[in-house]
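Engineer: Sequence plus the predicted model coming up.
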Amino acid sequence: MSATNTERLWNRSFILCLFNNLFLFTYYFALLTILPVYIMKDLGGTIKEAGLALTLFLVSSIAVRPFSGLIVEKLGKKVAFRGSELLFMLFAFSYLFADSMWILLVIRFIHGIWFSVLTTVTVPIANDFIPEQRKGEGMGYFVMSTNLAVVFGPLIALTVLQFTGFIQLFAILTAVICLGFIFCLIIPVHENKAELINKVEKVRLSFHDIIEMRAVPIGFVALLTAFAYSSIMSFITAYSEAKDLLAYTSLFFIVFAISMIVVRPWVGKIYDRKGASAIIYPSFIFFALGLVVVSFVSNQWMLWLSAIFIGIGYGSLFPCFQTVAIQSAPKQRMGHAISTFFTLFDFGMAIGSVILGLIIAYYGYQLTYLFCAVMTVITLFVYKYTVAPSLKRLK
């Protein structure tokens, strides 16, 4: 009997997927946090070189992302999953020997390739173990494991650095991804017959092999949302420092995570009972309110209040978007739908960091966050007129 037929959401395989994803992104966000400091302190690099190391990872990831669905289709989920995680783990060891800036840049570029394939294939695998009638709830918990890593990763990295050096920290983070790989090996991955047929049928590459058009509308909405959210991921620390609130920033992400966890059980159940729009519309409003509060931050209480709104808003939007993307395409095209969705989402985060950085330089943080709040409300209407009607027809 296939794991997809089980009525229990919290089955063994789904829990293994959650832990695999949690360890993967804990490693990713920990490295993201400390790598610029390592480059400037131990390698003698500049802030521009630190930015280049982070950007190269994103560039290779985005470049490969459109082809990730095709790679998963051709290799099969099991080979793509275990192969990409094995290579991702092996390159984690290479940071222990990166004693020059150029070696580190090469490692970052190649590491991003395996990250792209791995994060594409983990979603359909986890989806296989979620009961059909609980997709919204299940994918919500899966995405929550990623959002928890946003807190755990930086917390582990910054805490360890207080007691030891960077090489020791890289060794600990490598152990974290090795633990994730153990979960990867014991997850029972099932191949669909249609997927196996598709692997041998096609030879010529076409646009259809790269992009799943049915996932483009929700992907575009995710792009706009990611653009606005990049103002938090990229600049909240610098903004907090400018407001003399840097000491309270780590708690911002903890409050964010707690807010997301508290509403998660209701969000998933409402999605499954009343549809995506019942969650997405109010979540856009919460996210916009959070950005408005951020723009007027003057003390730690306002900073933490904004984290509550953003945690409820953005923390609910992303899993809903991802579930809509999955449900927009047939099962054998799920990998393409996810790769299309993440290509657009990653692009939104990338261009958001660049463009919003320029806006901050010219107009300051407050106007930038207000701009993102207005953009979030506009994105709500984009969703209403481009995605919501198609969801109603599917009912």
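Structural biologist: The structure has been received and is ready for your questions. Residues are numbered from 1 along each chain as shown.
Engineer: which non-adjacent residue is nearest the spatially most central residue of the chain?
Structural biologist: Nearest to the mean C-alpha position of the chain, counting by C-alpha atoms, centre = their mean, stands residue 146 at 6.4 Å. The shortest distance from residue 146 to any non-neighbouring residue, by C-beta to C-beta, 6 or more residues apart in numbering, is to residue 25 (4.8 Å). In short, each C-beta sits where N, CA and C put it, glycine included.
Engineer: With residue 237 instead?
Structural biologist: Spatial nearest neighbour of residue 237, chain neighbours left out: residue 249 (5.5 Å); criterion: C-beta to C-beta, 6+ apart.
Engineer: Please apply the same query to residue 369.
Structural biologist: The shortest distance from residue 369 to any non-neighbouring residue, by C-beta to C-beta, 6+ apart, is to residue 295 (3.6 Å).
Engineer: what's the burial count for that neighbour?
Structural biologist: Using other C-beta atoms under 10 Å as the criterion, residue 295 is surrounded by 21 other residues.
Engineer: So it is in contact with residue 373, correct?
Structural biologist: Yes: using C-beta atoms under 8 Å, residue 295 and residue 373 qualify as a contacting pair, with a distance of 7.0 Å.
Engineer: So for the helix or strand harbouring residue 172, what gets flagged as buried?
Structural biologist: Applying DSSP states H and E as the criterion places residue 172 in helix 166-186. Counting neighbours by 16 or more other C-beta atoms under 10 Å, one finds that the buried residues in helix 166-186 are 166, 169-170, 173-174, 176-177, 179-181, 183-184.
Engineer: same deal with stretch 346-363?
Structural biologist: For stretch 346-363, burial by neighbour count (16+ other C-beta under 10 Å) applies to 346-350, 352-353, 356-357, 359-360.
Engineer: how about low-confidence regions in the stretch 101-250 of the chain?
Structural biologist: Under the criterion pLDDT under 70, the flagged ranges of the stretch 101-250 of the chain are 192-209.
Engineer: What are the boundaries of the helices in the stretch 101-250 of the chain?
Structural biologist: Under the criterion DSSP state H, counting those that start in this stretch, the stretch 101-250 of the chain contains helices at 101-128, 135-161, 166-186, 193-201, 207-210, 216-242, 249-274.
Engineer: what would those look like in CSV with distance to residue 314?
Structural biologist: As requested, these are arranged in CSV below (distance: least, C-beta to C-beta, whole Å):
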stretch, distance to residue 314
helix 101-128, 18
helix 135-161, 9
helix 166-186, 25
helix 193-201, 32
helix 207-210, 28
helix 216-242, 6
helix 249-274, 8
